[in-house]
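> the sequence isn't on hand, but the structure is:
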């Protein structure tokens with residue numbers, strides 16, 4: 001049986017305290033560092049996607065993207081800026097009539113005299129896989145972005 005004197009001696013012994021504290025704190029600090037690194041990588045990728053969309057918007061506003069060749073050029077610019085494949089970047093025409101909120105893919109829905117706004121729709125699909133998904137924790141983060149860029153407004157004749 002441990003007596004009161006040996007318990008008091010054990011309590012006053014500080015030789016291994018630093019090792020025990022380090023063993024408790026080090027894994028927590030390591031996980032916080034890893035999480036901070038993964039979050040900063042995610043934010044950097046999101047910023048990269050937004051910059052590519054802004055670049056594509058500038059190109060769409062500088063040209064009149066009314067042909068498939070011009071749409072393909074915008075798609076290639078986004079692909080080059082983001083290192084994404086063609087399947088992850090779509091660039092299409094979209095239209096809105098008068099004051100409606102919905103977009104359509106053709107002007108055939110509108111009547112003569114309607115005010116038709118022409119847009120370029122750019123959609124980028126990307127997924128970010130944090131390192132902890134390799135251990136079965138969490139899942140990939142979807143970073144889909146869609147941007148509509150109005151480049152023309154005219155009355156349908």
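Now that the structure is in, tell me what you want to look at. Please read all numbers here as calculations on a predicted model, not as lab measurements.
> output the contacting helices and strands for the longest helix along the chain.
Longest helix in the chain, counting residues (DSSP state H): helix 17-62. Contacts defined by 3 or more CB pairs under 8 Å, 6 or more residues apart in numbering; DSSP states H and E place helix 17-62 against helix 68-82, strand 115-124, strand 127-128, strand 145-155. For the C-beta atoms, the positions are set from N, CA and C on the backbone; glycine is no exception.
> pLDDT score assigned to residue 90?
Here, the pLDDT recorded for residue 90 equals 95.
> check the gap between it and residue 101 for me.
21 Å (CB to CB, to the nearest Å).
> go on, residue 15?
To residue 101, residue 15 is 72 Å away according to CB to CB.
> rewinding a little: between the longest helix of the chain and helix 68-82, how many degrees?
Relative orientation of helix 17-62 and helix 68-82, computed by axes from the mean of the first three to the mean of the last three CA atoms, to 10 degrees: 160 degrees.
> touching stretch 140-155 from outside, list them.
Stretch 140-155 is contacted by residues 42, 45-46, 49-50, 53, 56-57, 60-61, 64-66, 94, 103, 113-130, 133 when judged by CB atoms under 8 Å, 6 or more residues apart in numbering.
> what is the neighbour count of the nearest residue to residue 131 once chain neighbours are set aside?
Among residues not flanking residue 131 along the chain, residue 38 sits closest, at 6.1 Å (CB to CB, 6 or more residues apart in numbering). Residue 38 has 17 neighbouring residues, counting by other CB atoms under 10 Å.
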